[in-house]
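# Provided below are the primary sequence and the corresponding predicted coordinates.
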Amino acid sequence: MITQSAKSRLQLALIPALFSFASVTFADEENQDYFSLSLDQLANLKVVTSSKREQSIDESYANVTVITQQMIKRRGYRNIIEILEDLPGFDFATYEDGGGEYPVHLLDRGTGGDNGNSRMMVMIDGMVQNHISFNWTQGLTDEQMLLDIERIEVVQGPGSALYGAQAVAGIIHIITKQKFEGIQAKLLVGENNTRALEVMAGGSVGDTFYQIALKNYLTDGDGGIGRLDPGGYFSNNYYPDILLADYDEDGNYVTNVANSLAGQLIPDGFNNSKDDKTLRLRVYTDNLEMGINSWERKDGLGSYVTGYEYNATAEEFISHHRSLTVYIKNQKNLLENELQWNSDLWYRIDKQEADTGFSYTYRFNDLKKSYHSASSQVGYENQFDWKLEENKNLIFGFRFLGNRQTEQVVSLGEIQNGNASTTNSSWDIAVAGAGLGNEKVNEIFDETETAMYVLLEGQFTPELTYSLGNRYSNGSDYGSTSTPRAGLIYNADNDWVFKALYGSAYRQPSLFELHDEFRGQLDLVPESIDTLEFEMSSRFSEVGQIKANLFYSKLSDSINLVADPTRAGGESYANVSSSKVRGVSTQLDIKPTKKLTIYANYFYLEGASEGESWGDIAHTAKHKVNFGLNWQPLNHGFNVNLKGNYVGKRAVPETNTYFEGKAPSYTKFDLVITWTNLFGSAGLDTQLILNNIFDEGYYGVGRQSGSSLRSDYDPATNPNPTGFIPAYHPQAGRTIYWSLSHQL
């Protein structure tokens with residue numbers, strides 16, 4: 001939140017800026033401007049995620065939303081999380097700076113909320129990005145590049161029939177630009193010493209195209225200062241009087257010793273600095289592509305844990321991860337172009353760097369507890385798309401995966417070699433009082449998976465089409481699964497489209513859930529989901545379009561955290577009994593004039609465990625509304641985008657006793673003003689981004705259990721109360737950014 005004096009300074013600072021912006025001469029924009037497309041054209045944008053082949057949205061057997069590059073630019077999105085906030089069905093416990101290692105906790109249509117969102121699949125140009133060992137989604141925050149993206153296809157609903165594990169709640173498919181030629185650069189600056197540079201360059205030599213994209217995002221963050229914190233999880237706390245455990249100068253293990261910081265105030269806030277980097281490199285022809293996708297994320301852990309048990313403002317309170325994918329794609333047309341053969345070969349690495357970690361306030365406060373791990377994967381997939389008849393296609397394929405997975409190596413003290421599965425300073429041995437500097441070897445797991453899938457799509461009549469598919473997967477660590485899908489689409493004169501869809505998916509337990517130091521459980525089995533949904537969409541002339549979706553999902557053997565008094569953290573992972581979720585969403589897009597578009601969506605959700613009545617789902621709001629308008633008051637060179645998010649009261653888990661059943665609702669607004677072809681210079685654009693313009697004080701519901709109670713902490717008598725996850729995660733107040741981009 002921003003103080004009243006800061007608000008006054010902001011208002012004064014904006015006055016000359018607005019006058020200078022008003023003096024700009026505007027020019028026409030490029031031909032593919034968002035406003036040059038009719039709603040009919042937008043609805044018929046081609047997508048590929050639903051059936052692994054190009055279809056229009058109306059033809060797609062899925063609930064799919066497309067975010068184009070123009071939408072990204074007009075709405076001032078800085079990362080994928082900001083995009084998902086505006087879509088119906090997404091709930092957030094933490095956003096882009098509060099989730100620790102993951103770094104965001106989200107649910108899609110009531111499914112998810114686990115460590116690292118392992119029920120959501122993320123892909124870039126068909127390459128899966130989920131963590132090899134832990135299944136976490138990756139690339140949703142500022143380590144993801146947006147400048148070189150053509151569009152993002154968000155599929156809500158199961159997708160394992162074609163894509164395998166993790167596509168339980170849905171798929172986020174990032175598709176980059178093709179055959180880009182030229183140079184484009186974007187500079188972003190903002191509060192808290194935020195600065196980012198994105199550069200994309202591409203060209204061709206004969207029939208061969210090349211493309212490179214680079215990004216570096218840096219910010220000091222606001223340090224969590226001034227954010228809404230009514231419970232005092234990150235403010236006005238004192239260091240504990242004693243250290244429950246420590247090692248003295250002679251290396252001896254000691255307990256209940258005086259703390260040299262006793263009586264001093266713990267610094268308010270938390271470290272939410274960022275240093276994120278991205279590299280994408282591609283060389284390709286019409287039939288062959290070779291590429292590299294790489295990113296590095298070194299972020300403060302934010303409001304991940306309570307600020308009175310952890311040194312949350314320290315520089316070493318960080319998460320440091322890397323990911324690298326190297327791939328080759330080949331495409332051939334056979335049988336006089338009636339059969340298309342696609343083959344993909346890739347190698348991936350995921351690394352948790354050894355400086356990831358933190359230090360405690362109540363024990364070993366001069367020693368860092370750190371984590372590292374390294375995982376690798378080799379994959380090979382063949383897919384055949386056979387055109388049986390004019391309106392009948394058969395897709396069939398197989399995939400092989402080989403994974404090398406390493407448990408998290410946990411150390412205390414000296415930062416370790418992040419490539420090794422060993423530590424020379426074991427946390428486990430040190431915390432047991434057996435001394436620092438002891439070696440421990442962690443287990444390496446080699447696992448394989450083979451899968452086969454088939455999908456048949458055709459038509460009964462020109463108006464009625466069908467889709468039938470199934471996937472069989474067999475993993476050395478989880479056994480075999482079968483995930484079918486089916487769909488019917490009735491298209492009435494291209495005005496009304498009705499879809500009836502069934503999908504299923506599975507997710508195997510991750511190495512994290514099996515072996516986590518506090519909560520791991522070795523006897524977990526894969527969880528599964530079955531979803532039935534109905535969708536109706538209609539366009540009325542050139543003015544507007546409406547879409548409504550009704551769905552019902554049943555989750556079986558869900559892997560969740562449950563109370564377990566035998567564990568140090570009071571909980572452990574377990575397969576729980578079946579649960580069910582149902583909901584409805586409506587979306588409306590209106591284009592009353594050529595220079596004005598308006599959108600709104602509403603989402604309603606409820607769920608129930610087996611044998612219980614329908615009600616709220618933990619970490620979600622039963623009612624949510626997103627809305628926005630895009631206006632060009634002068635001409636194509638000047639654009640105003642205003643959008644808002646209403647999130648109703650959010651249910652909290654029973655373990656979160658800070659709230660009386662629900663966290664309060666909130667409404668926030670964002671404003672983006674864009675000038676293109678600045679001063680008549682083609683390709684030179686500038687943008688002013690004001691997020692949370694009314695400085696709304698709000699927070700995300702405490703992730704997972706949210707079980708910590710600030711009132712239980714006492715620096716003299718109880719420096720380590722039960723639970724370490726705060727009841728809520730404070731979010732930023734008003735933030736201001738300015739960007740300048742140029743394309744040659």
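Perfect, thanks for sending it. Numbers count the residues shown, from 1 in each chain.
# For this structure, name the helix or strand with the lowest mean pLDDT.
helix 4-22 (a mean of 35; mean pLDDT, DSSP states H and E).
# what ranges do the helices span in the chain?
Ranges of helices within the chain are 4-22, 39-43, 69-75, 80-85, 160-163, 427-431, 511-515, based on DSSP state H.
# any low-confidence regions in the stretch 501-650 of the chain?
541, 568-569, 635-636 (pLDDT under 70).
# can you map out the strands along it?
If DSSP state E, counting those that start in this stretch is used as the criterion, the strands of the stretch 501-650 of the chain fall at 527-540, 544-556, 559-563, 571-575, 579-593, 596-609, 623-631, 638-647, 650-651.
# Output those strands in JSON lines; the columns should cover mean neighbour count and distance to W496.
C-beta: built from backbone N, CA, C; applies to glycine. As requested, the strands of the stretch 501-650 of the chain are arranged in JSON lines below (neighbours: other C-beta atoms under 10 Å; distance: least, C-beta to C-beta, whole Å):
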{"stretch": "strand 527-540", "mean neighbour count": "19", "distance to W496": "5"}
{"stretch": "strand 544-556", "mean neighbour count": "19", "distance to W496": "10"}
{"stretch": "strand 559-563", "mean neighbour count": "18", "distance to W496": "40"}
{"stretch": "strand 571-575", "mean neighbour count": "20", "distance to W496": "42"}
{"stretch": "strand 579-593", "mean neighbour count": "18", "distance to W496": "15"}
{"stretch": "strand 596-609", "mean neighbour count": "19", "distance to W496": "19"}
{"stretch": "strand 623-631", "mean neighbour count": "18", "distance to W496": "24"}
{"stretch": "strand 638-647", "mean neighbour count": "20", "distance to W496": "28"}
{"stretch": "strand 650-651", "mean neighbour count": "25", "distance to W496": "35"}
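# I'd say Y217 and K274 touch.
Yes: counting by C-beta atoms under 8 Å, Y217 touches K274, with 6.0 Å between them.
# Report the set of residues contacting both of the two.
D142 (C-beta atoms under 8 Å, 6 or more residues apart in numbering).
# Need the strands of the stretch 501-650 of the chain in CSV (columns: distance to Q459).
As requested, the strands of the stretch 501-650 of the chain are exported to CSV (distance: least, C-beta to C-beta, whole Å):
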stretch, distance to Q459
strand 527-540, 18
strand 544-556, 22
strand 559-563, 40
strand 571-575, 41
strand 579-593, 26
strand 596-609, 30
strand 623-631, 35
strand 638-647, 39
strand 650-651, 43
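# Quick check: which of those strands is nearest to S373?
Closest approach to S373 among these is made by strand 571-575 (17.8 Å; C-beta to C-beta).
# Each with direction, which strands does that closest one pair with?
Sheet pairing of strand 571-575 (DSSP bridges) gives strand 559-563 (antiparallel).
# Report the distance from the strand it pairs with to the chain centre.
22 Å (C-alpha atoms, centre = their mean, to the nearest Å).
# and the angle from that strand to strand 527-540?
120 degrees (axes from the mean of the first three to the mean of the last three C-alpha atoms, to 10 degrees).
# Now do strand 559-563 and strand 579-593, the angle between them.
Using the same axes, to 10 degrees: strand 559-563 against strand 579-593 is 120 degrees.
# Show me where the chain dips below the pLDDT cut-off.
Short version for the chain, where the test is pLDDT under 70: 1-44, 494, 541, 568-569, 635-636.
# So which residue is smack in the middle of the protein?
Most central in the chain under C-alpha atoms, centre = their mean is L140, positioned 3.8 Å from the mean C-alpha point.
# That residue and I83 touch, don't they?
No: here L140 does not reach I83: they are 9.3 Å apart, not a contact under C-beta under 8 Å.
# picking up where we left off before, of all the strands of the stretch 501-650 of the chain, which one is nearest K440?
Comparing these by C-beta to C-beta, strand 571-575 comes nearest, at 21.8 Å.
# to the chain's geometric centre, what's the distance from the closest one?
In this view, strand 571-575 has its centroid 23 Å away from the chain centroid, taken as C-alpha atoms, centre = their mean.
# and what of stretch 660-670?
21 Å.
# quick one: buried residues of that stretch?
A663, Y666, K668, F669, D670 (16 or more other C-beta atoms under 10 Å).
# which residues make contact with it from outside it?
Residues contacting stretch 660-670 (C-beta under 8 Å, 6+ apart): 75-76, 616, 621, 642-652, 689-694, 696, 698-699, 701, 728.
# residues making contact with stretch 476-492?
58-59, 61-62, 158, 160-162, 445, 447-449, 455, 463-474, 497-506, 508-509, 525-526, 528.
# quick one: buried residues of it?
Going by 16+ other C-beta under 10 Å, stretch 476-492 has these buried residues: D477, Y478, T481, T483, R485, A486, G487, L488, I489, N491.
# chain center to that stretch: distance?
24 Å.
# Same check on stretch 361-379?
On C-alpha atoms, centre = their mean, the centre of stretch 361-379 falls 22 Å from that of its chain.
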